[in-house]
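**Q** take a look and give me a structure for this.
(2 chains)
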Protein chains: 2
Amino acid sequence: MEAINLERLKRHLLELAEIGKDDTGGVSRLAYSKEYYHGIELIKKWMEEASLSVKTDAVANVLGTRKGKTDRIMIIGSHTDTVEHGGIFDGCLGVLGAIEALKVIDEAGIELEHTVMVANWAEEEGNVIKGLIGSGSFVGKMEDSIPAIAEKLKAYGITPEDIRKSKFEDLDKVEKYLELHIEQGGVLEKKKKDIGIVSSIVGEERYMVTVLGKENHAGTTPMEYRDDALIKAAEMMLKLNKKCRQIDNTMVVTVGWIRAFPGEQNIIPGKVKMTVEVRSVRDESIRKLVDYMKQLCGEYNCSYEQTLAQNPTFMSSTLMETVKEAADDLGLSSMVMQSGAGHDAMMIANVIKDTGMIFTPSVNGVSHCPEEWTEWSDVEKSVNVLLNTILKLDKK
Amino acid sequence: MEAINLERLKRHLLELAEIGKDDTGGVSRLAYSKEYYHGIELIKKWMEEASLSVKTDAVANVLGTRKGKTDRIMIIGSHTDTVEHGGIFDGCLGVLGAIEALKVIDEAGIELEHTVMVANWAEEEGNVIKGLIGSGSFVGKMEDSIPAIAEKLKAYGITPEDIRKSKFEDLDKVEKYLELHIEQGGVLEKKKKDIGIVSSIVGEERYMVTVLGKENHAGTTPMEYRDDALIKAAEMMLKLNKKCRQIDNTMVVTVGWIRAFPGEQNIIPGKVKMTVEVRSVRDESIRKLVDYMKQLCGEYNCSYEQTLAQNPTFMSSTLMETVKEAADDLGLSSMVMQSGAGHDAMMIANVIKDTGMIFTPSVNGVSHCPEEWTEWSDVEKSVNVLLNTILKLDKK
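**A** Next comes the predicted model:
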């Protein structure tokens, strides 16, 4: 069985991590930054060393192609932009892992049925313009977003025409898409599994909720005369949390941001604004919780505004089975799981039926921070699964 | 029975309200501002029109004296500084009401036993340096605060020496202090009473509580693996609220300011900071609630820091009885009540045994905002009570 060269992959991951390394010990290599462009120069070099023919499109996706016996296309990809003060694995593992897999295939002189492309998608994180721009443009799903992001695009020197011309001309030939990514949660670690086989990416709705009460003097207003917006917000948070657990254990609800107004320690808050984010792979669960939230908004004198709506995405059973076979062949434990985070695979799945993802464990379930870590032994296992999945998929 | 001239008082209140009038429809006449000094020029003029001999001390207290038959001193006072976007009555009613009362006494040619001083205390609100500076300096209780406020004092051109030399030289001759103020709450309005006879000013403790949880990805961290600091903070707020009502209905607890960190809608808060403010006239009630708060801090992995500690202040029964008699004589309904807000009377009560306060209703119980209002008929009633209380006290 083919196996990757962990030392080489480790060297590449660490070399890329130097670019944008910041004083938090993390990496700030935001999309379209000087550091980002510096990083993709390395990606291109390593693609070429893996005998891939490299092309950069108009939105700065880097695509490295290995011609196969047929023009049926399989794409392996992820991203190398980071959040501010991010980690060294989020995204990068998928791109450098794919290059490593193709390098091994090249060294072994294996001829593939499929034409395989390694994709380094631009601006996955959405820190500078909007998330998933690279993969979204590639599959022709970014046009509707152009008006809303026109100014930001301009600031980074990208034109609407660049978005349009980055749509891949041979989309109809793309049969399979595979993405390896760190889990970003603690499920694999807690369940002691080597490999996550992603079945779905959660749908997500976001709301800004405004709770109204009556602003008043914190000293002169007895408890029984109060209409404290923050107390109402606290009750709502706890009720939403409880209801979420009752409805569906695949669902999560989070209030990550809150402000009380006027926000003085000696004034009873007359208004509270808070974000409510709901994610689940089951659309009907999201509906139930959001309906409950709206009902609470009625009871508690709140208004709400939806700020994001995204349907769940389902991975193909062919891909899931193939990843499972590859893990089994390598003697690795695996589990089927959902992804609570969005990924480029979500965009790709809009047009490519056979889309799948492989997850590798995150230490302590943290990501997007300097502490983000994946053990090198897990890196090796998951990229070997990637490699062997590619070889198996090629025969399907 | 002597009675005030409402039209004259109304004219003064409205004329003073023009100074610092802002575009919210409220008044911004912060202590030591240009507007504040402009305002006290009017105060001095009206004091002189009431035949008071006027003096301004080194911290900008304005003191107008009417010599009596004896050198036993009675002080009637309040303040004319406002909060930002405040109302026209908070403080001003007490100062202009006192001037009006003395003007009526002067017009009626009444000779008083007491030497009466009308005091316009500086910086009651504490918006620029620290609350109660004027009255605190007058009674010699600000010296300990000087190190903490030294820089701010300097910014407003006041020296530590100014604080020291503003201590009144004849404090030992001051027998009585009386202050008329708007209620700033909704109790008189709800109970349909004309006059509030203040029995006590609440004690107050303030804390900054830091709740610790575990910051994590809002999508990839299932509900059962979360340690959400904001959910813990919400539970604490509700428990504190419930406990407060159980312990003592004179007590209030308020969380007026809160922040979740990192404060992103897609990140589970790992830390929450919030203010907890407790007020009661019963020190033992405050102790019980604060002990409970500390116990919760233990249970919820929080730290806390005390930022204010102030004991309850009790008004003198002589003063309370005299206000009651004056209200009864005028056929006005009255009730004994606590003050949930701090006032200059709190500072004065440190050294003057016979200290008392009269409250007049606030429409909708709001204050410190452009909507702050007291009906003119209530203004008239309460200043007549002030006038008649002065006359009665003079005989005691």
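**Q** could you double-check that residue A:253 lies in contact with residue A:240?
**A** Yes - counting by CB atoms under 8 Å, residue A:240 is a contact partner of residue A:253 at 5.2 Å. Every residue, glycine included, has its C-beta placed from N, CA and C.
**Q** any shared contact partners between those two?
**A** Shared contacts of residue A:253 and residue A:240 (CB atoms under 8 Å, 6 or more residues apart in numbering or on different chains): A:276, A:289.
**Q** tell me which of the two has more neighbours.
**A** Legend: neighbour count by other CB atoms under 10 Å in any protein chain shown for residue A:253 and residue A:240, higher for residue A:253 (25 against 22).
**Q** so that one, which of the three states?
**A** strand (DSSP: H, G, I helix; E, B strand; the rest coil).
**Q** need the distance between the two termini of stretch A:159-169.
**A** By CA to CA, to the nearest Å, the extent of stretch A:159-169 from end to end equals 19 Å.
**Q** ok, the residue found closest to residue A:263 once you drop the neighbours it is linked to in the chain to residue B:208 distance?
**A** Spatially, and ignoring its direct neighbours in sequence, residue A:263 is nearest to residue B:257 (5.0 Å; CB to CB, 6 or more residues apart in numbering or on different chains). Here residue B:257 is placed at a distance of 9 Å from residue B:208 (CB to CB, to the nearest Å).
**Q** hmm, the helix or strand of chain A with the lowest mean pLDDT in reach of chain B?
**A** Lowest by mean pLDDT, DSSP states H and E among the helices and strands of chain A is strand A:216-217, with a mean of 89. Yes - Strand A:216-217 reaches chain B (CB under 8 Å from any CB of the partner chain) through A:216-217.
**Q** for the stretch 201-350 of chain A, just list every one of the strands.
**A** Under the criterion DSSP state E, counting those that start in this stretch, strands of the stretch 201-350 of chain A are mapped to A:203-212, A:216-217, A:252-254, A:258-261, A:267-268, A:271-280, A:302-310, A:313-314, A:334-339.
**Q** which of those strands sits most buried?
**A** Among these, judged by mean count of other CB atoms under 10 Å in any protein chain shown, the one packed with the most neighbours on average is strand A:252-254 (a mean of 28).
**Q** list, one by one, the residues from the stretch 101-250 of chain A near chain B.
**A** With CB under 8 Å from any CB as the criterion, the stretch 101-250 of chain A meets chain B at residues A:183-187, A:190, A:202, A:204, A:206, A:215-225, A:228, A:230-231, A:233-235, A:237-238, A:241, A:244-245, A:249.
**Q** try it again with 7 Å
**A** By CB under 7 Å from any CB of the partner chain, the residues of the stretch 101-250 of chain A that approach chain B are A:183-187, A:190, A:202, A:206, A:216-223, A:225, A:230-231, A:234-235, A:237-238, A:241, A:244-245.
**Q** buried ones among the residues you listed?
**A** A:183-187, A:202, A:206, A:216-223, A:225, A:230-231, A:234-235, A:237, A:241, A:244 (16 or more other CB atoms under 10 Å in any protein chain shown).
**Q** now, these that are in helices?
**A** A:187, A:230-231, A:234-235, A:237, A:241, A:244 (DSSP state H).
**Q** which pair of the residues you listed spans the longest distance?
**A** With CB to CB as the measure, no two of these lie farther apart than A:187 and A:231, at 34.5 Å.
**Q** what kind of secondary structure is residue A:162 in?
**A** helix.
**Q** and the pLDDT at it?
**A** pLDDT for residue A:162: 96.
**Q** could you measure it against residue A:53, distance?
**A** 22 Å.
**Q** between the two, which is the more surrounded one?
**A** residue A:162 (15 against 12).
**Q** the residue lying closest to the more buried one once chain neighbours are set aside is in what secondary structure piece?
**A** Leaving aside its sequence neighbours, residue A:162 sits nearest to residue A:58 (CB to CB, 6+ apart; 3.7 Å). Residue A:58 is part of no helix or strand when elements are defined by DSSP states H and E.
**Q** residues touching the nearest residue to residue A:276 once chain neighbours are set aside, list them.
**A** Excluding the flanking residues, the one nearest residue A:276 by CB to CB, 6+ apart is residue A:207, at 4.6 Å. Contact analysis of residue A:207 by CB atoms under 7 Å, 6 or more residues apart in numbering or on different chains lists A:276, A:293, A:304-307.
**Q** from residue A:279, how far out is residue A:207?
**A** Taking CB to CB, one finds residue A:207 at 12 Å from residue A:279.
**Q** cool, residue A:229 as well?
**A** 26 Å.
**Q** list the contacts for the nearest residue to residue A:300 once chain neighbours are set aside?
**A** In this structure, residue A:300 finds its nearest non-sequential neighbour in residue A:232, 4.7 Å apart by CB to CB, 6+ apart. Residue A:232 sits next to A:211, A:213, A:300 when contact means CB under 7 Å, 6+ apart.
**Q** re earlier: so how far is residue A:109 from the residue nearest to residue A:263?
**A** According to CB to CB, residue B:257 and residue A:109 sit 67 Å apart.
**Q** who's more crowded, the two?
**A** More crowded of residue B:257 and residue A:109, by other CB under 10 Å: residue B:257, with 22 against 6.
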